[in-house]
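Colleague: What would the 3D arrangement of this be:
(4 chains, ligands or ions: 4)
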Amino acid sequence: MKPGKQGKDRHTELGLKEEDLLGMYRCMLLARFCDERQWSLNRQGKAPFVIPVSGHEGAQVGSAWAFERGKDIFCPYYRDMALVLVAGFTVYDVFLGLFGKADDPSSGGRQMPAHWGSKARNIITGSSPISTQVLHAAGLALSKKIKHEDAIVGTWFGEGGTSEGDWHGAMNFAGIHALPLIFVCENNQYAISVHESRQVAGRVYKRAKGYGFPGVVGDGNNILECYKLTKEAVDRARAGEGPTLIELRTYRYYSHTSDDDDRTYRPSAEVQEWKRKDPIPRFERYLKSVDVLDDSVIEEVRGATKVEVTEAAKTAEAADFPDPSTAAKNVFGDIEVV
Amino acid sequence: MKPGKQGKDRHTELGLKEEDLLGMYRCMLLARFCDERQWSLNRQGKAPFVIPVSGHEGAQVGSAWAFERGKDIFCPYYRDMALVLVAGFTVYDVFLGLFGKADDPSSGGRQMPAHWGSKARNIITGSSPISTQVLHAAGLALSKKIKHEDAIVGTWFGEGGTSEGDWHGAMNFAGIHALPLIFVCENNQYAISVHESRQVAGRVYKRAKGYGFPGVVGDGNNILECYKLTKEAVDRARAGEGPTLIELRTYRYYSHTSDDDDRTYRPSAEVQEWKRKDPIPRFERYLKSVDVLDDSVIEEVRGATKVEVTEAAKTAEAADFPDPSTAAKNVFGDIEVV
Amino acid sequence: MTVKNVVQAVHDTLHEAMMLDERVLVLGEDVGARGGVFRATMGFLDDFGPERVIDTPLDECLIAGLSIGLALDDMRPVAEIQFADFIYPAFNQIVSEAARIRYRSNGDFGVPMVIRAPYGGGVHGALYHSQSIEALFAHVPGLKVVAPSTPYDVKGMLIHAIEDPDPVLFLEHKKTYRLIKGEVPDDRFTVPFGVAEVRRQGDDLTCVAYGLMWHLCLEAAERLAGEGIEIEVIDLRSIYPLDMDTVLQSVGKTGKVMVVHEDNKFLGLGAEISAQIGEQALSELDCPVVRIAPPHVPAMPYSPTLEHWYLPDADRLEQEMRELASY
Amino acid sequence: MTVKNVVQAVHDTLHEAMMLDERVLVLGEDVGARGGVFRATMGFLDDFGPERVIDTPLDECLIAGLSIGLALDDMRPVAEIQFADFIYPAFNQIVSEAARIRYRSNGDFGVPMVIRAPYGGGVHGALYHSQSIEALFAHVPGLKVVAPSTPYDVKGMLIHAIEDPDPVLFLEHKKTYRLIKGEVPDDRFTVPFGVAEVRRQGDDLTCVAYGLMWHLCLEAAERLAGEGIEIEVIDLRSIYPLDMDTVLQSVGKTGKVMVVHEDNKFLGLGAEISAQIGEQALSELDCPVVRIAPPHVPAMPYSPTLEHWYLPDADRLEQEMRELASY
Ligand SMILES: Cc1ncc(C[n+]2csc(CCOP(=O)(O)OP(=O)(O)O)c2C)c(N)n1
Ligand SMILES: Cc1ncc(C[n+]2csc(CCOP(=O)(O)OP(=O)(O)O)c2C)c(N)n1
Ligand SMILES: [Mg+2]
Ligand SMILES: [Mg+2]
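Modeller: Ligands and ions are numbered 1, 2, ... in the order given. Sure, this is the predicted structure:
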């Protein structure tokens, strides 16, 4: 790992402190281990539905870390478990959602797992229909601009998400009004089974130019690069210079969801090839190269994190399901429906 | 007017014969005079609703002329009166539609005027919701490609039409599948009152690149340039080289429709400035410069065309309204509903 | 008190709401320099500036989605869909998102937004400038749908809509815009949702309508009064929530019901009203509930001959009422 | 005759249709290599190639609009919307375009296309993978909406749908896909639209349903037979056109009706059926028509406790039937 320009480490150059690195690393690990745990719970028949994150941790944690928690707004999509961990979800929260428990902060067990949302954490409630959140993000960014608040908005989506009209509308409006809005595309090359080549004419990041603002592309498995591109965009947005589209190229390691079987559409050699680019070991190599961690500490952290995840899953599993008597609540803010 | 490269006239270089020029000229004049007539009928209270074409004749006739009638498919929008005159509508047809008469070829008096359509003329039925036709065009182009037919599809829309998700979907799909489809944007800088600058982030023609295919821009008031850009695109499409987006910059001379009043949103100086660029006198100057027409013939042709238009309007006005007993027909192809 | 027509009431109420509450803003196609194609926001751009009077691109999906985002940040967006017929590109944002956000987040988020949409026919609008869309949206839990049609109700319900915690589809019958005039108090007041108004008392027949149609029903009812037939005319005003109490009370008195709307019959609001009357007042019915609504054709045609065929008018309503009253 | 489940019937029928008619093609998200997320087009890509088995981008508006264009050029597109809940981005193309093209062109153009959409709940699908959408589309003139729920009907109605001259929304209850099995003739046959099927004869009560619900009704009815209560169970199969004749005939026999659906009650199909019964058979009713449908909440929640609360099951239906039959 080369030292930076003025003999500085790459992360120091980017303004990241050691505690940032450790925090980023922790979020990646938590996400990965939660993912492994939720799959095993699924196989045990305890979690009917799983949406995996593995492979995306670098892109999510790297991009999310560039935002200011408590001030900026996150409009994620279902894949973004690592991202919401950055934004303030706990591992316990994740499993409450997985099991559909009453205390699930996203929806109190009403939505499928991985439909993140939490007002307290500035994570806007998400749904299943693809790309709707991108327009909410535009509305939020417009609001921040109108109010002259120093907050910016980030929205995340897959490359499949770029196909919906909502995405086009948000890109267009963000361009016209120079909104403080960052579009982050986690391009894992597949939308369920549909390959990028049948999903996206041209290249995702090149679309931005047609809307009159910058588009950049980066290696989604390089967490520092993801951070760098996003931080630059965030700084521009905060300076009133408008939106950026960031394409982070990555891969998902599992099937689309627990209902999917990727073997019909992805050659296993391709999956293997991308697993060799795993963002986590890659970041570990970096952390070692700059003497932030060594192998034995890594082993220790990994072990402790795994235990933390297993414990949280257990506690969440024992938590209560929502009481059916609450099922008709919150349809309206004023009228009771049943 | 300079002669072309090898001493040829500009139109000869483009492969246009004198009869083409005369045909193009005639269509422009017909459209303009129909427009003038329909406005005066509107003021007389005889035509409740008018959608004007004036100003767009160069863009429409120039682009439409590059297609092969009887083979290629037209998916126009409401502004395209001059275009459908190229595609085979008569002036009488136009006025039947204006009055909502039973013999209106577009809809038998069911739709508003200017909602063009005619299977016999390969003009796909259009509606009011903006940009829906662009996706039909993509479907038709896909069909032609699947069937290995040598037909291509053209679709026309305003710059406002680029904002809808339908447009994005069609551009994306056309790019992915290299469809034989030409996108023609008649950019008159306003969508009713909304200026291009608040409608389109970036530039329309530049969007194409983001979808991986060529986009070009031209002077919509220069009929030969419109023809040239479209002909090149048509030739490429016919050769299997996929879609093109063509932006033709022009202006509308009247209000958006007879229900509109453009004085609230367009400075009259701007309107006057664009009227000086009128595509019809401009083409007349060209025709004179290449000795196809002289002033006296122009006078004669204009006079005869005006009479033709007035006569057709009169005959159409006298035609029958649809019989209410037919009003419930053609909801379904097999079931009667009343 | 000032006499206004319906569109003036919309204009003035919106203007006042923007004066009183900084969070209120309007957005839509042509709401700026043009002041709206029906002039509902005339002069707003000068008075409130482009940050609160936003000319959007031609993209209804955007208009709805943007409004949701604004509402989530505690703004009070009042979006205009230029014609109700053009709301469908926004269907997903309204139905999947606006309507479901409070429920799906278990009350963590709410979407206080208003969508104004001029609807209805009789204006040579043909298939795409005449539609009635209330049934499609009223079916969707999480949405409120109202259709006031007097200047008074427009003011009272628009204020209510803007202050409502939930997404409200605010339907304005475009033919009433200039046709219907009435007194409007100058002070602030609200008309609650879910409360119908009995526009005319009568013992012989209950006529339930809303929008332009109750005005026509009233006209027909007045004519029949000369024949000694007394029709009770109910203006629902609110589609969801629906005030069945007022309807049922009237049915108890008359035993005969006619429901009238411009929206087509199959699964139109008349079906729900008829079903609820059947559920709650079956024994009080002297005869079947009659639904007067356009035939099952895809919206109003353009030609005067066809438009007339499509839309119920006072003559036809008078005849139907006479027949039913004497059943 | 071969025993198949519902999704096999979809698969095989589509496959045969593509073998027989070159103009038939399938398009949608993941219909290619993946063979559809429910495996309805498994193997099609190999058998028919990418020109007739088209993996579209993730854009339902495109899927519908493209299908319209294909149909206008005399192809026979069968589009798949991955989950019915995701059809709303296509609402404008389906409702403004597909439904209105024949009418607006006075018969010059027609749109012979099929949209297949897996719908319905009970599969832990939560708010966005459980919805029932029939009422929204059946309200729209110009569309045909069907919901077959046996392998036999699926075959017969899918063939009919593909040969139909108009746009057909073909609803497949996703819980029936693997749950419901039955014999399917190997030869070509069609089941006409607008013809309901009496699944069980009975004199005590008419139970009208479709999709998964009539299967549950039948289960409940069989249990009640032991108590001497005989329920007539009608499977509508077709939502529009709607076979009211069969319903009315049964009402004439039983005098009592229960309509059951998963779609929510307000303006759900039960309202239309109840209204039509009121119009045409009021005097034959012994008691009000009962509508069994989910409460007015925005679709089914995820947690098992909440999902169970939401969806009618055979136990609840049995109880409701018993109560009504003994009214
Ligand atoms: C409107 C809509 N259509 C279809 C779906 C079904 N669906 C869920 S995820 C998905 C693929 C998304 O791919 P991409 O955006 O690339 O994100 P990724 O899952 O690859 O991270 C599809 C088709 C949906 N959820 N919403
Ligand atoms: C979906 C939809 N939304 C709104 C309208 C109302 N409307 C009709 S034309 C128009 C402006 C179109 O502008 P543009 O596409 O630039 O075409 P131009 O009229 O300038 O030729 C609008 C907003 C509509 N017809 N359809
Ligand atoms: Mg992807
Ligand atoms: Mg324009």
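
Colleague: Return the residues of the stretch 201-327 of chain C in contact with ligand 1.
Modeller: Proximity of the stretch 201-327 of chain C to ligand 1, by Cβ under 6 Å from any ligand atom, involves no residues. The C-beta positions use only the backbone N, C-alpha and C, and glycine is treated the same way.

Colleague: where along the stretch 201-327 of chain C do the helices fall?
Modeller: With DSSP state H, counting those that start in this stretch as the criterion, the stretch 201-327 of chain C has helices at C:212-225, C:244-254, C:269-281, C:304-310, C:314-325.

Colleague: can the shortest one be found next to chain B?
Modeller: Yes: remark: helix C:304-310 sits within contact range of chain B at C:304-306, C:308-310, by Cβ under 8 Å from any Cβ of the partner chain.

Colleague: I'd guess residue C:199 is in a strand, am I close?
Modeller: Yes: under DSSP: H, G, I helix; E, B strand; the rest coil, residue C:199 falls within a strand.

Colleague: beta partners for the spatially closest residue to it that is not a sequence neighbour?
Modeller: Distances taken as Cβ to Cβ, 6 or more residues apart in numbering or on different chains put residue C:233 closest to residue C:199, at 4.5 Å, once the chain neighbours are dropped. Beta bridges link residue C:233 to residue C:200, residue C:207, judged by DSSP bridges.

Colleague: doesn't residue C:196 make contact with residue C:233?
Modeller: No: the pair residue C:233 / residue C:196 is not scored as a contact, 10.5 Å apart, by Cβ atoms under 8 Å.

Colleague: Comparing the two, which residue is more hemmed in?
Modeller: residue C:233 (29 against 21; other Cβ atoms under 10 Å in any protein chain shown).

Colleague: so where do the strands sit in the chain?
Modeller: Chain wasn't specified; assuming chain A. For chain A, the strands defined by DSSP state E cover A:73-75, A:153-158, A:181-187, A:190-191, A:194-195, A:215-219, A:244-249.

Colleague: Chain C, not that one
Modeller: Using DSSP E, strands in chain C cover C:2-5, C:24-28, C:53-55, C:76-80, C:114-119, C:144-146, C:168-173, C:181-184, C:197-200, C:205-209, C:231-235, C:238-240, C:257-260, C:290-292.

Colleague: how about those strands in a markdown table, adding mean pLDDT?
Modeller: Below are the strands of chain C laid out as a markdown table (pLDDT from 0 to 100):
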| stretch | mean pLDDT |
| --- | --- |
| strand C:2-5 | 98 |
| strand C:24-28 | 98 |
| strand C:53-55 | 98 |
| strand C:76-80 | 99 |
| strand C:114-119 | 98 |
| strand C:144-146 | 98 |
| strand C:168-173 | 98 |
| strand C:181-184 | 98 |
| strand C:197-200 | 98 |
| strand C:205-209 | 98 |
| strand C:231-235 | 98 |
| strand C:238-240 | 98 |
| strand C:257-260 | 98 |
| strand C:290-292 | 98 |
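
Colleague: looking at those strands, which is buried most?
Modeller: strand C:205-209 (a mean of 30; mean count of other Cβ atoms under 10 Å in any protein chain shown).

Colleague: angle of it against helix C:269-281?
Modeller: 140 degrees (axes from the mean of the first three to the mean of the last three Cα atoms, to 10 degrees).

Colleague: Tell me the gap between strand C:205-209 and the middle of its chain.
Modeller: 17 Å (Cα atoms, centre = their mean, to the nearest Å).

Colleague: now do stretch C:153-161
Modeller: 11 Å.

Colleague: model confidence over it, on average?
Modeller: Stretch C:153-161 comes out with an average pLDDT of 98.

Colleague: Can you give the contact residues for that stretch?
Modeller: C:6, C:9-10, C:12-14, C:17, C:114, C:144, C:146, C:148, C:168, C:170, C:172, C:184-185, C:188-193, C:197, C:237-238 (Cβ atoms under 8 Å, 6 or more residues apart in numbering or on different chains).

Colleague: what do you get for stretch C:213-220?
Modeller: C:149, C:176, C:179-180, C:199-200, C:207, C:209, C:231, C:233-236, C:260-262, C:312-315, C:317-318, C:321.

Colleague: contact partners of stretch A:324-331?
Modeller: Counting by Cβ under 8 Å, 6+ apart, A:102, A:108, A:336-338, C:102-103, C:105-107, C:141-142, D:295-298, D:301, D:305-306, D:308-310 sit against stretch A:324-331.

Colleague: For stretch C:270-282, what is the distance to the chain centroid?
Modeller: Relative to its chain's centre, stretch C:270-282 lies at 21 Å (Cα atoms, centre = their mean).

Colleague: For it, list the C-alpha coordinates in CSV.
Modeller: This file holds the C-alpha atoms of stretch C:270-282, laid out as CSV (Å, rounded to 0.1, in the frame of the first residue of the first chain):
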residue,chain,number,x,y,z
GLY,C,270,-72.5,4.3,-6.4
ALA,C,271,-71.6,0.7,-6.0
GLU,C,272,-70.2,1.3,-2.5
ILE,C,273,-73.1,3.5,-1.4
SER,C,274,-75.6,1.0,-2.7
ALA,C,275,-73.8,-1.9,-1.0
GLN,C,276,-73.6,0.0,2.3
ILE,C,277,-77.3,0.9,2.1
GLY,C,278,-78.0,-2.7,1.5
GLU,C,279,-76.0,-3.7,4.5
GLN,C,280,-77.4,-1.2,6.9
ALA,C,281,-80.9,-0.2,5.7
LEU,C,282,-82.1,-3.1,3.5
